[in-house]
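Student: Generate a structure from the sequence data that follows.
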Amino acid sequence: MLIALFCLAGFPVRAQQSTATQAPTAAGYVGAEACRDCHASEYESWSKSRHWATSNDTRGGPAKQGCEACHGPAADHVANPADTSKLFLFTKASPKAVNAQCLSCHATGTQQRHVINSLHSRNDISCTSCHSAHHSETREFLLVKSQPGLCYGCHQQQRAQFAMPFRHRVNEGLIQCPDCHNPHGTEKPHQLRTSVTQDQACYNCHIDKRGPFVYEHEPVRTEGCESCHMPHGSPNAHLLKMSNVNLLCLSCHTTSFANAPGAPSFHNQASQFQACTLCHTQVHGSNTSFVFFK
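Tutor: Alright, predicted model coming up:
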């Protein structure tokens, strides 16, 4: 009876009005709190991520704050939850549209400058294929799955290579795929983090091979490390392309030994255990010997 009297008198039964019925602000924006009642789990995960900072950044106005910075003005949706016509729904948008929405904020980052023309983008891989603002497994970068499992989801061949006897220690966590590749794209093939000085990605770790040297080994300068090495993994020591070091050298130096006058007998490739690198130890380059002696 008491409840009925309150209703007849025009008083609300609830002591406080739900945040979901807040009055819309300018241009149909209602603020992130209006989303909280219905989307509690998404709000909770968002509030613990770096995107939370957008709720306090007033420089871009309501269009750059909170949930609506990504999903658009929500006034119509709050008034009628079935109406999502004004919202940007990432699960229903095309990869190109998803990328454009993310780049409305992230386009100025140095890592994303080539994302539009990246291999991932050209193969309809969107930002949300790898990142999740609400359901990420990693706090850093908001990845949908921790590495390297995330990359292995598509790159099965590389997964097998990292299981080779000689490999870069990606599975062990010593390095990660983005240490060598920029998933958002680069100017170089395979989205490598290279510069004009060839194989910059390798030199970040193998600094002693970088040079510059007085006497350069031409393949290093013209073709890069991959002229001799397999970057992910190999059945051969030092990630070499061939198990026999001499055969690897002879793939370029086919006639140099035969045409060299007075070549000593130990250059005879019929002899066993005469690896070229026993004498030519500085194959990446030398400051003292044009034949790469130590």
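Student: tell me, how many neighbours does Thr194 end up with?
Tutor: 20 (other C-beta atoms under 10 Å). From N, CA and C alone the C-beta is placed, and that goes for glycine too.
Student: residues touching it, list them.
Tutor: 186, 188, 200-201 (C-beta atoms under 8 Å, 6 or more residues apart in numbering).
Student: Give the buried residues for stretch 96-110.
Tutor: 98-102 (16 or more other C-beta atoms under 10 Å).
Student: was I right about Ile116 contacting Asn99?
Tutor: Yes - at 7.3 Å, Ile116 and Asn99 qualify as touching, with contact defined as C-beta atoms under 8 Å.
Student: Could you list the residues in contact with stretch 114-133?
Tutor: Contacts of stretch 114-133 (C-beta under 8 Å, 6+ apart): 45-46, 49, 51, 70, 90, 95-96, 98-99, 102-103, 141-144, 150, 154, 182-187, 190-191.
Student: repeat that for 7 Å
Tutor: Applying C-beta atoms under 7 Å, 6 or more residues apart in numbering, the external contacts of stretch 114-133 come out as 46, 49, 51, 70, 90, 95, 98-99, 102-103, 141-144, 150, 183-187, 191.
Student: Cross these against helices and list the overlap.
Tutor: Members of the contacts of stretch 114-133 lying in helices (criterion: DSSP state H): 46, 70, 95, 98-99, 102-103, 150.
Student: For these, give me CSV that also has distance to Arg122 and pLDDT.
Tutor: What follows is those, written out as CSV (distance: C-beta to C-beta, whole Å; pLDDT from 0 to 100):
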residue, distance to Arg122, pLDDT
Trp46, 30, 89
Cys70, 24, 93
Pro95, 10, 93
Val98, 14, 94
Asn99, 11, 92
Cys102, 16, 91
Leu103, 15, 89
Leu150, 19, 95
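Student: can you redo these as TSV with distance to Asp76?
Tutor: Below are those laid out as TSV (distance: C-beta to C-beta, whole Å):
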residue	distance to Asp76
Trp46	21
Cys70	17
Pro95	26
Val98	22
Asn99	25
Cys102	23
Leu103	25
Leu150	36
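Student: Columns pLDDT, distance to Met230 and neighbour count on top of the contacts of Thr194, output as a markdown table?
Tutor: Output for the contacts of Thr194, formatted as a markdown table (pLDDT from 0 to 100; distance: C-beta to C-beta, whole Å; neighbours: other C-beta atoms under 10 Å):
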| residue | pLDDT | distance to Met230 | neighbour count |
| --- | --- | --- | --- |
| Thr186 | 82 | 20 | 21 |
| Lys188 | 78 | 18 | 18 |
| Gln200 | 78 | 18 | 16 |
| Ala201 | 84 | 14 | 22 |
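Student: now, which of the residues you listed sits nearest Phe293?
Tutor: Gln200 (27.7 Å; C-beta to C-beta).
Student: Now the two most distant members of the ones in helices among the contacts of stretch 114-133.
Tutor: Across these (C-beta to C-beta), the longest gap, 22.2 Å, separates Trp46 and Pro95.
Student: one step back: tell me which of the ones in helices among the contacts of stretch 114-133 is nearest to Tyr29?
Tutor: Cys70 (12.5 Å).
Student: Spit out the contact partners of that closest one.
Tutor: 88, 101, 133.
Student: Look up phi and psi at the spatially closest residue to the first one that is not a sequence neighbour.
Tutor: To tie it back to what came earlier, the one meant is Phe88. Of all residues not flanking Phe88 in the chain, Gly72 sits nearest, at 4.7 Å (C-beta to C-beta, 6 or more residues apart in numbering). Gly72 has phi and psi values of phi 90, psi 180 when expressed as degrees, to the nearest 10.
Student: roughly how far apart are Gly72 and Leu247?
Tutor: The spacing between Gly72 and Leu247, counted by C-beta to C-beta, to the nearest Å, is 61 Å.
Student: neighbour count winner among these two?
Tutor: Gly72 (17 against 13).
Student: My read is that the more buried one contacts Leu89, right?
Tutor: No - with contact defined as C-beta atoms under 7 Å, Gly72 and Leu89 do not form a contacting pair (9.4 Å).
Student: burial of the residue lying closest to Val245 once chain neighbours are set aside, as a residue count?
Tutor: With sequence-adjacent residues excluded and distances taken as C-beta to C-beta, 6+ apart, Val245 is closest to Ala275, at 4.5 Å. By other C-beta under 10 Å, the residues close to Ala275 number 13.
Student: got it, and Val115?
Tutor: 20.
Student: OK, contacts around His106?
Tutor: Here His106 is in contact with Gln112 (criterion: C-beta under 7 Å, 6+ apart).
Student: What pLDDT is listed against it?
Tutor: pLDDT for His106: 86.
Student: picking that back up, for Asn56, see how far away the residue nearest to Phe88 is.
Tutor: 20 Å.
Student: That'll do, ta.
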